[in-house]
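J.: the following block contains a protein sequence and its predicted model.
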Amino acid sequence: MKSMNFFKKKFIIPVVASAFLFIGTSFKDDFFEIAKQIEIFTTLFKELNRNYVDETNPGELMDKAIKGMLANLDPYTVYFNEQDVVRFKINNTGEYTGIGALLTRKEDKLIVKEPYKDFPADKAGLKAGDEIIQVGDVLLSAFKDEAFQLFKGTKNTKIDIKYIRQGKVNTTQIILDEVEIKSVPFFAKIDDKTGYIVLSHFNKKASLETKEALEKLKKEGAERIILDVRDNPGGLLNEAVNICNLFVPKNEIIVTTKSKIEKHNSTYKTTKDPVDTEIPLIILVNGRSASASEIVAGALQDLDRAVVVGSRSFGKGLVQRPVDLTYGTQLKVTISRYYTPSGRCIQALDYSRKDKNGMAIKTEEANFNAFKTRKGRTVYDGGGIQPDVELEETKSSPITAALLKNDGIFNYATTYYYKNPNLGNQIPVISDADYLDFKQFLKVQKFSFDTETELALKNTLAVAKKEKLDQSILTEYQQLLAALQKSENVLLDKNQKEIKNLMVDEIIKRYQYQEGLYQYYTKNNSEIKKAVSILNNNSEYKSILKI
């Protein structure tokens, strides 16, 4: 079973010998060169620690050495300590003893990004935007390890929490419970004939939950299905194959993997009887649909079994294989690439080729290769899955990506929530006055968009300060910064519709949780509206698929 989750690079002190021996045994043809480099490194490491004028920390030195080695590959080849292995196993199963909330670490706080309805964090009264500063007796400002360790414990373990909300310090108590993260958090009929299924990730129950949702919707009278994998980062490969199997017969090739090592080449076929091979099907994707999501969308597109709607998916088509090492540690190493039934490679970025800034190169559209679906439709590679019906308005702009990445919209939604406590189940309307307030909020908070230009400008000033040149260029720097900020303000106005939609999404979750957001989507989301329109026009649906 292969896992395709997105992982951030985290580096720990590895067991050097086992890591290098794995590399050695993986590339027998280069054994002499590898053995030579291991000997050089071992000798250097020993002599450095023995002779360096100051006391060295071998663990820290090795940490940096491994970090440098892996950084030149891809972001999915990573090394996990024993605790990391347990944590990622949790992510793949979707079951764990915990608090039922999405948290993110920011400096000396844990920010509650989203509490899940009726789970421990929600029952304890925690809300999105709360800043946890103490867990039990541990101050976050003094705790540098992984924060998830602070919430470990058996069911019914009580953990005292201290947090900041709107500038005021509060306390509460979380009672740990078994938390099951659903792969299908929502499904419903959105009109008399159309069923809608949200597939948020691929854990071990993804295909079972999707099957149950599909069968229930069919019993309720659904005659066509919309499968939503937008924002789905992926998960287990076999679950992607099994989900495709719900809609296509046995023995269909869904995905193949190709590697330079023959034993890692694999073909994955459907193995079960399908639920329905005829029901009209639309799959929704966007730029944050990745990995397993792209396999489902790409395979069903290549087999002419579904119409794909939205914007081009992320393009994560690298296969990782976990390799168990000593002391409970693990190396997750990229061994091959995914290919759809037509032969398209899903991967967008080529990590073997870097630009002048050291960034992986993305294939230009002019260099995309054409492939044919089963019925002869032309589809292209180039990374990710290009929809059959591409909606320009669903593409994410750089300014919007910055607002999401740096929590501009999230933080404003927190302020909005406490200013409007009685909104309840009403749909928020972001007026022009609200949008002006949002822009003023960003200004007052000194929000940093961290665009490449902005970061480069700040780095220039930092270097100038070191060289004591900052005063001589300060005027010019401030002029450039002002011009940049003016440009960012123009982009905020230009992309106002997209940003307002995301503001509404975030605000709805504050009052109505995920379920309320999906209910809102069924009536108001442009991709869903387009999907329903296509399904309502049988000739258009058949024309797209050439059936």
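T.: Everything's here; your move. Numbering: from 1, shown residues only.

J.: ok, residue 350 to residue 359 distance?
T.: 11 Å (Cβ to Cβ, to the nearest Å). C-beta: built from backbone N, CA, C; applies to glycine.

J.: over to residue 109?
T.: Residue 109 is 30 Å from residue 359, by Cβ to Cβ.

J.: just residue 195 next, same as before
T.: Relative to residue 359, and taking Cβ to Cβ, residue 195 is found at 42 Å.

J.: look at these two and report which has more neighbours.
T.: Applying other Cβ atoms under 10 Å to residue 195 and residue 359 shows that residue 195 carries more neighbours, namely 23 against 12.

J.: which strands and helices sit next to the helix or strand where the more buried one lies?
T.: Using DSSP states H and E, residue 195 falls within strand 194-198. When contacts are defined as 3 or more Cβ pairs under 8 Å, 6 or more residues apart in numbering; DSSP states H and E, strand 194-198 sits against strand 186-189, helix 206-219, strand 224-228, helix 526-536.

J.: so it versus helix 206-219, what angle?
T.: Put simply, strand 194-198 runs at 160 degrees to helix 206-219, going by axes from the mean of the first three to the mean of the last three Cα atoms, to 10 degrees.

J.: could you list the paired strands of strand 194-198 along with their orientation?
T.: Within its sheet, and counting by DSSP bridges, strand 194-198 is paired with strand 186-189 (antiparallel), strand 224-228 (parallel).

J.: show the contacting residues for residue 314.
T.: 233, 287, 288, 289, 290, 291, 294, 348, 384 (Cβ atoms under 8 Å, 6 or more residues apart in numbering).

J.: same thing but 10 Å
T.: 6, 231-234, 285-291, 293-294, 346, 348-349, 383-385 (Cβ atoms under 10 Å, 6 or more residues apart in numbering).

J.: residue 36 is nearest to which of the helices and strands packed on strand 194-198?
T.: With Cβ to Cβ as the criterion, residue 36 lies closest to helix 206-219 of the helices and strands packed on strand 194-198, at 45.7 Å.

J.: mind listing what the closest residue to residue 214 other than its chain neighbours touches?
T.: Of all residues not flanking residue 214 in the chain, residue 275 sits nearest, at 5.6 Å (Cβ to Cβ, 6 or more residues apart in numbering). For residue 275, the contact set (Cβ under 10 Å, 6+ apart) comprises 210, 211, 214, 215, 218, 245, 246, 247.

J.: just to revisit the earlier point, what's the angle from the strand holding residue 195 to helix 526-536?
T.: Going by the same axes, to 10 degrees, strand 194-198 makes 140 degrees with helix 526-536.

J.: which intervals of this protein have sub-threshold pLDDT?
T.: For the chain, the stretches flagged by pLDDT under 70 are 1-29, 81-97, 356-357, 366.

J.: tell me, what residue is most central in it?
T.: Among the residues of the chain, the one closest to the centroid is residue 233, at 4.4 Å (Cα atoms, centre = their mean).

J.: so that one: helix, strand or coil?
T.: Put simply, residue 233 is coil when judged by DSSP: H, G, I helix; E, B strand; the rest coil.

J.: quick one: it and residue 288 touch, right?
T.: Yes. Applying Cβ atoms under 10 Å, one finds residue 233 in contact with residue 288, separated by 7.1 Å.

J.: number of residues surrounding residue 179?
T.: 19.

J.: doesn't it belong to a strand?
T.: Yes. Counting by three-state DSSP, residue 179 falls inside a strand.

J.: which helix is the longest one in this structure?
T.: helix 496-524 (DSSP state H).

J.: now do it and strand 194-198, the angle between them.
T.: Going by the same axes, to 10 degrees, helix 496-524 makes 120 degrees with strand 194-198.

J.: now do the buried residues in helix 496-524.
T.: Neighbour counts over helix 496-524 (16 or more other Cβ atoms under 10 Å) mark 498-514, 516-522 as buried.

J.: that helix: how far from the chain's middle?
T.: Helix 496-524 has its C-alpha centroid displaced from the chain centroid by 19 Å (Cα atoms, centre = their mean, to the nearest Å).

J.: what's near enough to touch residue 346?
T.: 255, 290-291, 294-295, 297-298, 313-318, 337-340, 381-385.

J.: and the nearest residue to it once chain neighbours are set aside, how many residues sit next to it?
T.: Nearest-residue entry for residue 346: residue 317, 2.9 Å, with adjacent residues in sequence omitted and distances by Cβ to Cβ, 6+ apart. For residue 317, the neighbour count with other Cβ under 10 Å is 27.

J.: contact partners for residue 317?
T.: 4, 255, 257, 290-291, 294-295, 298, 336-340, 344-349, 381, 383-384 are the contacts of residue 317 under Cβ under 10 Å, 6+ apart.

J.: could you point out the longest strand of this protein?
T.: Taking DSSP state E as the criterion, the chain has its longest strand at strand 330-339.

J.: thanks a lot, catch you later.
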